[in-house]
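> coords please:
(chains A and B)
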Amino acid sequence: MTISTDSKNNRMKTAMLALVVVVGMTTAVLLARRIDTLRPTVAANADDESLYLDGKTARRISLAFNGLTADWYWMRSLQYVGRKMLNHPRDFPIDNLRELDVKLLAPLLDTTTTLDPEFLEPYEYAAIVLPSIDVQEAIRITQKGIQANPNAWRLYQHLGYIYWQQQDYQAAGETYGRGAKIPGAPAWMQAMKAKMAAEGGSRSTAREIYTRMYEQSGEEQVRNMARKRLLQLDSLDQRDGLSRVLSAFQARAGKCPNTWKEIEPIFRALRVPVDASGAPLDPAGVPYVLRSGTCEIQLDPKSAIPAK
Amino acid sequence: MDTAASITQSKTRTETRHGRFWRIRAIARNAFREAVRDRVLYNLVLFVLLLTGASIFIGELSGGQERKVIVDLGLSAMLLFGVFIAIFVGVGLVYKEIERRTIYAVFSKPVGRGEFLLGKYFGLCLTLLVNVLVMAVGVSLALAYVSRALDPLILTIWPAVLLIYIELVLLTAIALFFSSFSSPALSALLTFMVFVIGHFSADLKSLAASSGSTGARWLFTGLYYLLPNLANYSFITPAAHGRAPSAGFVFATALYALVYIAVILSIATLVFSRRNFK
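Below is the predicted model of the structure:
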């Protein structure tokens, strides 16, 4: 009888404790959600606090875990840019993030590369993303990478790219040339040096740069950006051709077409891909926009190809 | 089975063969069993969960750097878990025997205090070896999973794993040394401090070089040579880039650890031999 009562009491106690756990946890979750709603809303850029630690201090205190800490800073850099992009209504190519105000990116990448100087991807990211924000920091971080990894020819490719973007074709050529001398560097590095000297600002040089970037990069965002830039170059070539067609039409008809339909037969004869309305398609498959009565061709804002 | 009973069981062999070796072996085996019984190896479950999670989710977060992150994470966790085991189990090895008074039963047998310490030490080293080996296999499997092939990193992480193990056995000796004369809490604190300072060795050297006063220079130089240079065993980051240390480097660091462990355990034995348990 006593055992039965004890057992009953024990079961009651267990049930009561289980109930406290379930009810308690549920209440805690509900309260946490309520507190979240009561907290004043924070502006999207409010998390731009400065980094607590510089790279050297972080390296010291990370003891033997500097590699893991570098990975954490690297992921934080990617998340930081990603979050900024998500918070912005417009889509940006990663080589033109000036409007996003990503002022923490340079210190984040600097800390990452100080923690693990052999980690090459952050240097590439710095070379691609930073020039539109702080070109001097982009050059400094990439040069820091070259100093730490003198045999990594890809870092010379990145530095050459920064100089090329700044239209400093001489520095770009010299950098590609230095990189070409590194054992294992591909032959096109030497060719890039010559190309910079001969036609640094040409579309064919740009095409070569973005093609190599697309082929070499292991970072999906960088490859995606290079792909878009290549599409943009294709589109520029395409628009040059279309402009010539429009000029010929204007010379013959004495006016610019009001709609694409008017010159659709010419496009079809030239085997230019067009949609149902007769509008020629850009390399991303979106119809170009013709400003009525003018001979001006524009990219549709919906197109994946960057306008700038 | 406690340490005393284990020694009794190997008594026949103790009397007939090289007694010291068998006694140390019996104590070591018992220390290993005790660690397993205390569920020390349960940390492996957490480790496996950590690596599995990392293998699945890190790819998206790291921008295609999952192989590097897995090596960094896996080897860092191996070191961290190992350090916790070395410190928290290491400082309790002697203390538990004293507290449970089983040490009297042990020393009523023909067991020297040095043998007792060595046995305990090797027992924990064996526990750490099993722990490190299972974790290294786990990291290799995670790499094979994310690479979907035989990844070259699978081979290059093993020298780094060996260096981690050497660091852990060095730290175990230090934990045992402190526990031979102080309380577990203080021993754990002191061992952890040695672990931290051991990774600041380069700073100690540069502090000594840049110090203005002769006294400070001597102090920092002395600390640099007195404390173990654990930075020598940090090869996790290069391993994540596919770089392995040279055989000469591994040999030299292993020899350094061996000498250091011999010194530390000798001092621990000297201290422990003079300790009064009454």
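> so which bits of the strand or helix carrying B:L141 are buried?
Applying DSSP states H and E as the criterion places B:L141 in helix B:113-147. Residues of helix B:113-147 classed as buried: B:113-128, B:131-132, B:135-136, B:138-140, B:142-143, B:146 (neighbour count, 16 or more other CB atoms under 10 Å in any protein chain shown). Every residue, glycine included, has its C-beta placed from N, CA and C.
> same check on stretch B:153-170?
B:153-154, B:156-157, B:159-170.
> now what about that stretch, what contacts it?
B:67, B:71, B:74-75, B:78-79, B:82-83, B:85-86, B:125, B:128-129, B:132, B:136, B:139-140, B:143-144, B:147, B:228, B:230, B:232-236, B:238-240, B:242-245, B:250, B:253-254, B:257, B:260-261 (CB atoms under 8 Å, 6 or more residues apart in numbering or on different chains).
> starting at the chain centroid, how far to it?
12 Å (CA atoms, centre = their mean, to the nearest Å).
> which stretch of helix or strand covers the residue nearest to B:R243 when sequence neighbours are not counted?
Once flanking residues are discounted, B:R243 sits nearest to B:T156: 6.9 Å by CB to CB, 6 or more residues apart in numbering or on different chains. B:T156 is part of helix B:153-179, with elements assigned from DSSP H and E.
> could you check the angle that helix makes with helix B:113-147?
150 degrees (axes from the mean of the first three to the mean of the last three CA atoms, to 10 degrees).
> same question for helix B:153-179, mean pLDDT?
Mean per-residue pLDDT for helix B:153-179: 94.
> ramachandran coordinates for A:K103?
phi -70, psi -20 (degrees, to the nearest 10).
> same check, this time on A:L281
phi -100, psi 140.
> dig out what it forms beta bridges with.
The partner list for A:L281 in beta bridges (DSSP bridges) reads A:P287.
> can you tell me the SS state at the residue nearest the centre of chain A?
Against the mean C-alpha coordinate of chain A, by CA atoms, centre = their mean, the closest residue is A:I94 at 2.8 Å. Here A:I94 is recorded as coil under DSSP: H, G, I helix; E, B strand; the rest coil.
> what does chain B put close to chain A?
Residues of chain B lying close to chain A (CB under 8 Å from any CB of the partner chain) are B:61-65, B:68-69, B:71-73, B:76, B:79-80, B:195-196, B:199-200, B:203, B:230-231, B:233-234, B:236-238, B:240-241, B:243.
> re earlier: and the residue nearest to the centre of chain A, what does it touch?
Going by CB under 8 Å, 6+ apart, A:I94 touches A:V81, A:I128, A:V129, A:Q221, A:V222, A:N224, A:M225.
> ditto for A:S132
A:S132 neighbours (CB under 8 Å, 6+ apart): A:D95, A:N96, A:L97, A:R98.
> with B:V250 instead?
Taking CB under 8 Å, 6+ apart, we find B:V250 in contact with B:P159, B:L162, B:L163.
> what angle sits between the one helix or strand it maps to and helix B:113-147?
Assigned by DSSP H and E, B:V250 belongs to helix B:247-273. Inter-element angle recorded for helix B:247-273 and helix B:113-147: 140 degrees (by the same axes, to 10 degrees).
> now do helix B:247-273: distance to the chain's middle.
With CA atoms, centre = their mean, you get 12 Å for helix B:247-273.
> mind listing what's buried along it?
Using 16+ other CB under 10 Å as the test for burial, helix B:247-273 gives B:250, B:253-254, B:256-257, B:260-261, B:264-265, B:268-269, B:271-272.
> can you list the residues of the stretch 101-250 of chain A near chain B?
So the stretch 101-250 of chain A meets chain B at A:D116, A:E118, A:F119, A:E121, A:Y125, A:G218, A:E219, A:E220, A:Q221 (CB under 8 Å from any CB).
> state the pLDDT value of the residue nearest to the first one when sequence neighbours are not counted.
This points to A:D116. Leaving aside its chain neighbours, A:D116 sits nearest to A:A70 (3.5 Å; criterion: CB to CB, 6+ apart). pLDDT recorded at A:A70 is 95.
> and which of the contacts of A:I94 is nearest A:L17?
A:V81 (47.4 Å; CB to CB).
> ranges for the strands of the stretch 201-308 of chain A?
With DSSP state E, counting those that start in this stretch, the ranges of strands along the stretch 201-308 of chain A come out as A:289-290, A:297-298.
> same for the last one, what does it pack against?
Helices and strands touching strand A:297-298, by 3 or more CB pairs under 8 Å, 6 or more residues apart in numbering or on different chains; DSSP states H and E, are helix A:220-253, strand A:289-290.
> deepest of the ones you listed, which one?
strand A:289-290 (a mean of 20; mean count of other CB atoms under 10 Å in any protein chain shown).
> from the contact counts, what lies against it?
With contacts taken as 3+ CB pairs under 8 Å, 6+ apart, strand A:289-290 sits against strand A:297-298.
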